[in-house]
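Novice: just the structure for this:
(one chain, ligands or ions: 2)
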Amino acid sequence: MAKIRSSNLGYPRIGKKREWKKALEKFWSGESTEAELLKETKKIRLEGLRKQQEKGIDLIPVGDFSLYDQVLDTSVMFGIVPKRFQNNGGKTSLETYFSIARGTKDAVASEMTKWFNTNYHYIVPEFDDAKPFLAENRLLTFYKEAKEELGIEGKPVILGPITFLKLGKGYKQAEFPQLLQAFLPLYIQVLQELQEAGVNWVQIDEPIFVTDLSQKDLLEIKQAYEAIAKAVPEIKIILQTYFESISSYEYIVNLPVAGVGIDFVHGDSLNDLCEYGFPKDKVLAAGVIDGRNVWRQDLESKLGLVETIGQLVDKDRLIIQPSCSLLHAPVTKKTETTLDPIIKDALSFADEKLEEIVLIVKGVQNGKESIADKLEESKRAIEVLNNSKYRTKTAGQMNADALNADRELPFAKRISIQKEILGLPLLPTTTIGSLPQTTEVRKQRLKWRKGDLSDREYEQYIENEIEKWIRIQEEIGIDVLVHGEFERTDMVEFFGEKLNGFLVTKFGWVQSYGSRCVKPPLIFGEVSFDKPMTVKESVYAQSLTSKRVKGMLTGPITMLNWSFVRDDIPRVDVLNQIAVALRKEVEELERNDIKIIQVDEPALREGLPLKRDKWDEYLNEAVHAFKLSTASVENSTQIHTHMCYSSFGDIFHAISGLDADVISIETSRSHGELITTFEENTYDKEIGLGVYDIHSPRIPGKKEVTENIKRALKTIPANRFWINPDCGLKTRQEPETIAALKIMVEAAKEVRNAQLYVQN
Ligand code: GLN
Ligand code: ZN
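Specialist: Numbering: from 1, shown residues only. Ligands and ions are numbered 1, 2, ... in the order given. Sure thing, here's the model as predicted:
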């Protein structure tokens with residue numbers, strides 16, 4: 001009988017308990033040698049391979065492991081090292097590799113940015129004057145390693161040329177064809193060497209194929225893959241896409257490759273398949289298990305999905321796999337020893353997902369009966385959670401549809417009421433919320449978590465920090481103060497620990513960038529407000545000063561986008577539940593006389609769907625949820641929001657639609673772009689532009705800050721302008737923060753006093 005294969009696209013590199021992170025950081029701090037780092041990371045890599053082998057995965061990816069980022073790996077493989085780090089032209093040293101990612105004292109790091117719609121960040125390749133050459137065939141190295149160490153006939157994974165080039169910068173669009181021509185021979189060389197080594201399958205990742213591509217792009221793509229196919233006739237190439245269905249489906253699946261990998265979890269791939277079919281001579285690698293979520297799948301329905309696919313594709317040309325690399329999922333649920341079994345049973349992290357894949361293959365191959373007990377088990381686990389108290393609406397839960405999502409008065413009217421009550425000067429100064437989280441703050445929290453500090457002692461410590469910083473802010477002369485967020489580890493986790501329906505795991509880490517991992521909370525049940533989450537600290541801070549203290553919350557869209565979300569109801573329903581819960585918190589703050597409340601939405605933009613035609617729906621839902629959280633306040637209460645980017649020309653309408661009285665945005669690294677946005681669009685509400693960059697310890701000069709303010713005031717009227725840093729200050733040290741804020745306030749005063757703005 002025809003054999004269906006199981007496959008994986010990539011395995012988490014961070015280790016079960018973030019051993020990878022620890023190894024890297026030890027090396028960076030000089031506590032270990034390069035040899036020790038390589039030894040430790042090899043151990044982690046081999047363990048991942050061994051696990052995939054033990055679970056019975058047929059096509060195990062090799063070369064997906066990285067010491068930092070797979071895009072950076074691709075860059076250095078082809079000798080793409082920015083000039084400021086230039087080495088001697090051969091293989092890039094490990095030191096240079098990390099310098100590109102992290103910068104040195106003489107050279108700034110390469111930019112990093114989000115990998116498609118995930119929270120993983122890649123290092124942006126810099127192609128300026130690129131003279132690529134094959135510095136090292138890392139795939140060959142990893143292929144051999146897996147074979148020699150474990151007898152694995154691995155499937156090398158390489159980032160495809162189209163996606164690699166499109167994600168980079170330093171060239172004009174018109175130069176794309178030439179650049180591609182420069183890289184193609186190198187890709188071919190890599191593949192030829194693999195072919196010679198006897199490699200059977202290669203996975204070429206081209207996630208860019210799920211985004212909208214032009215006719216010209218498609219032509220380039222076709223020529224490139226024709227050249228590749230011709231050069232390595234013995235290698236079976238799987239063109240791998242993920243995160244959405246393929247755009248230009250018919251065109252892409254007919255490229256001259258052995259197989260195409262398609263995501264059947266996100267987007268409408270099944271529709272495409274039914275409508276346009278699939279080439280008879282190709283392998284379909286079907287991503288049927290969600291690689292980006294943590295929930296167990298109902299295997300029976302997955303079997304059904306594969307059966308449907310199997311009616312259009314012969315089973316011997318079918319590969320079953322996760323929807324994307326498991327890089328985006330935590331390693332194993334085994335280490336979660338304190339979870340309620342009702343929840344734990346319904347979970348599936350990377351290791352468990354691989355088991356699901358193997359089971360599906362078995363079920364299709366040998367019939368449902370062969371895995372009857374497992375089908376039953378997965379069905380039951382899901383049912384038990386679904387029928388549990390966690391997923392039953394509570395009596396007190398408000399129905400989002402029944403709530404008004406509009407402020408009583410329009411902005412133009414309510415702002416004058418606010419101005420009168422708040423009595424702030426022209427060009428008011430404020431910060432984004434968090435103040436330096438020193439090692440001491442983290443140490444105290446750890447002690448409290450371990451039980452070495454009583455609740456009261458910890459609270460006292462936090463209060464002291466708040467008081468210290470209220471005094472500092474007063475002294476500096478800031479107009480709207482913050483309490484400093486000392487009680488929060490993370491802006492999502494903090495609320496995740498307090499809202500009903502969320503939980504925080506022990507080891508559910510995923511890589512965010514470099515060694516930095518995040519632990520997204522799990523939204524496992526009905527989300528609702530339990531008790532006030534931020535009131536105590538805000539009220540305490542306000543009690544210390546006659547200046548206004550701004551309340552501080554994380555908004556519904558960011559809470560959703562930075563969590564693992566239950567998959568049994570539509571995401572928008574979860575979003576609205578969060579919005580309603582936050583609305584209660586906003587009301588609590590207001591009731592306690594906090595008259596300025598900031599609801600942060602740094603994740604709004606990154607949640608944009610990969611396909612443009614889905615933007616409107618997403619943005620409408622996002623705007624509605626934000627308004628649900630904030631609209632019930634009095635006209636006199638001022639709602640702020642904050643976003644960590646300024647490139648929102650294309651979502652300007654939605655930003656304005658949030659109807660926040662004040663928005664603060666990161667600007668200092670992109671002034672030009674932002675000003676153009678505001679020139680081209682009318683924004684009628686108040687704006688705070690980041691007047692200095694908080695991502696480095698550098699203290700800005702007063703002249704520079706004044707110039708930044710003056711420049712913005714050419715486009716934005718002074719009576720609607722706020723002055724603040726780019727983002728929260730939690731990663732900064734105390735002395736540099738105080739110095740920078742002093743400069744900021746002095747600059748604001750200078751502009752105010754000298755009336756360096758057009759009066760409106
Ligand atoms: N209020 C948060 C802080 O200041 C906002 C963080 C963010 O925008 N990512 O840290
Ligand atoms: Zn920010």
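Novice: measure His642 to Thr554 for me?
Specialist: To Thr554, His642 is 10 Å away according to C-beta to C-beta, to the nearest Å. The C-beta positions use only the backbone N, C-alpha and C, and glycine is treated the same way.
Novice: now the common contact residues for these two.
Specialist: Asp600 (C-beta atoms under 8 Å, 6 or more residues apart in numbering).
Novice: and the lowest-mean-pLDDT helix or strand in the chain, what other elements does it pack with?
Specialist: Of all helical and strand segments in the chain, the minimum by mean pLDDT, DSSP states H and E falls on helix 671-680, at a mean of 76. Using 3 or more C-beta pairs under 8 Å, 6 or more residues apart in numbering; DSSP states H and E, the elements in contact with helix 671-680 are helix 702-713.
Novice: report the buried residues of the helix it packs on.
Specialist: 705-706, 708-709, 711-713 (16 or more other C-beta atoms under 10 Å).
Novice: that helix - contacts with which helices or strands?
Specialist: Helix 702-713 sits against helix 671-680, strand 721-724, helix 734-753, with contacts defined as 3+ C-beta pairs under 8 Å, 6+ apart.
Novice: select, out of those, the one closest to ligand 2.
Specialist: strand 721-724 (10.2 Å; C-beta to the ion).
Novice: packing partners for that closest one?
Specialist: Going by 3+ C-beta pairs under 8 Å, 6+ apart, strand 721-724 lies up against strand 662-665, strand 686-690, helix 702-713, helix 734-753.
Novice: correct me, but Ile221 touches Leu255?
Specialist: Yes - between Ile221 and Leu255 there is a contact at 7.0 Å, judged by C-beta atoms under 8 Å.
Novice: for Glu485, which non-adjacent residue is spatially closest?
Specialist: Closest residue to Glu485 apart from its sequence neighbours, by C-beta to C-beta, 6 or more residues apart in numbering: Ser434 at 4.1 Å.
Novice: can you report how many residues lie near that neighbour?
Specialist: 21 (other C-beta atoms under 10 Å).
Novice: just the one 5 residues further on next, same as before
Specialist: Burial of Thr439, expressed as a neighbour count using other C-beta under 10 Å, amounts to 8.
Novice: ok, Lys506 touching Thr335?
Specialist: Yes - using C-beta under 8 Å, Lys506 makes contact with Thr335 at a distance of 6.5 Å.
Novice: common neighbours of those two, please.
Specialist: Joint contacts of Lys506 and Thr335 (C-beta under 8 Å, 6+ apart) do not exist.
Novice: the stretch 351-500 of the chain: strands as residue ranges?
Specialist: In the stretch 351-500 of the chain, strands defined by DSSP state E, counting those that start in this stretch lie at 480-481, 500-503, listed in chain order.
Novice: nearest to Glu666, out of those?
Specialist: strand 480-481 (18.2 Å; C-beta to C-beta).
Novice: now the closest one: average pLDDT?
Specialist: What strand 480-481 shows for mean pLDDT is 98.
Novice: what do you get for stretch 620-631?
Specialist: Stretch 620-631 comes out at a mean pLDDT of 98.
Novice: confirm Gln321 sits in a strand?
Specialist: Yes - using DSSP: H, G, I helix; E, B strand; the rest coil, the secondary structure at Gln321 is a strand.
Novice: quick check, Leu403 in contact with Ala581.
Specialist: No - with contact defined as C-beta under 8 Å, Leu403 does not reach Ala581; the gap is 11.8 Å.
Novice: show me where pLDDT drops low in the stretch 651-760 of the chain?
Specialist: The stretch 651-760 of the chain contains residues with pLDDT under 70 at 669-672, 758-760.
Novice: quick one: contacts for whichever residue of it sits closest to ligand 1?
Specialist: Residue nearest to ligand 1 within the stretch 651-760 of the chain (C-beta to the nearest ligand atom): Gly728, separated by 2.1 Å. Counting by C-beta under 8 Å, 6+ apart, Gly728 makes contact with 431-434, 485, 694.
Novice: ok, now how distant is it from Glu465?
Specialist: 15 Å.
Novice: try Ile596
Specialist: Taken as C-beta to C-beta, the span from Ile596 to Glu465 is 21 Å.
Novice: show me the two of the contacts of Gly728 that sit farthest apart.
Specialist: Among the contacts of Gly728, the pair separated by the greatest distance (C-beta to C-beta) is Glu485 and Ile694, at 13.9 Å.
Novice: between the two, who's got more neighbours?
Specialist: For Glu485 and Ile694, the more surrounded residue by other C-beta under 10 Å is Ile694, and the numbers stand at 26 against 23.
Novice: around ligand 1, which positions in the protein sit nearby?
Specialist: Residues of the chain lying close to ligand 1 by C-beta under 6 Å from any ligand atom are 432-434, 485, 491, 552, 600, 602, 642, 644, 727-728, 730.
Novice: and which of the residues you listed is nearest Leu741?
Specialist: Within the residues of the chain next to ligand 1, proximity to Leu741 (C-beta to C-beta) peaks at Ile432, which comes in at 11.5 Å.
Novice: got a list of what the residue lying closest to Thr308 once chain neighbours are set aside touches?
Specialist: Of all residues not flanking Thr308 in the chain, Leu270 sits nearest, at 6.8 Å (C-beta to C-beta, 6+ apart). Counting by C-beta under 8 Å, 6+ apart, Leu270 makes contact with 264, 305, 308-309.
Novice: can you tell me which helix or strand Leu270 belongs to?
Specialist: Secondary structure from DSSP states H and E places Leu270 in helix 269-276.
Novice: okay, that helix in PDB with CA atoms only?
Specialist: Provided in PDB are the C-alpha atoms of helix 269-276 (Å, rounded to 0.1, in the frame of the first residue of the first chain):
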ATOM      1  CA  SER A 269      -6.000  26.300   1.100                       C
ATOM      2  CA  LEU A 270      -8.600  23.600   1.000                       C
ATOM      3  CA  ASN A 271     -10.800  25.800  -1.200                       C
ATOM      4  CA  ASP A 272      -7.900  26.400  -3.500                       C
ATOM      5  CA  LEU A 273      -7.100  22.700  -3.700                       C
ATOM      6  CA  CYS A 274     -10.700  21.800  -4.400                       C
ATOM      7  CA  GLU A 275     -11.100  24.500  -7.000                       C
ATOM      8  CA  TYR A 276      -7.900  24.200  -8.900                       C
END
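Novice: touching the helix or strand following that helix from outside, list them.
Specialist: The helix or strand immediately downstream of helix 269-276 is strand 283-289, counting by DSSP H and E. Outside strand 283-289, the residues within contact range by C-beta under 8 Å, 6+ apart are 7, 9, 236, 238, 240, 242, 258-265, 278, 297, 302, 305-306, 309, 313, 317-324, 348, 353, 356-357, 360.
Novice: let me know the closest of the buried residues of helix 702-713 to Tyr122.
Specialist: Distances from Tyr122 to the buried residues of helix 702-713, taken by C-beta to C-beta, are shortest for Asn708, at 29.1 Å.
Novice: from Glu485, how far out is Gly277?
Specialist: Counting by C-beta to C-beta, the gap from Gly277 to Glu485 is 54 Å.
Novice: now the closest residue to ligand 1 within the stretch 201-350 of the chain: phi and psi?
Specialist: Nearest residue of the stretch 201-350 of the chain to ligand 1: His328, at 20.0 Å (C-beta to the nearest ligand atom). Per-residue torsions, His328: phi -90, psi 10 (degrees, to the nearest 10).
Novice: I figured it hits Arg292, correct?
Specialist: Yes - the pair His328 and Arg292 qualifies as a contact (C-beta under 8 Å) at a distance of 4.6 Å.
Novice: sounds good, over and out.
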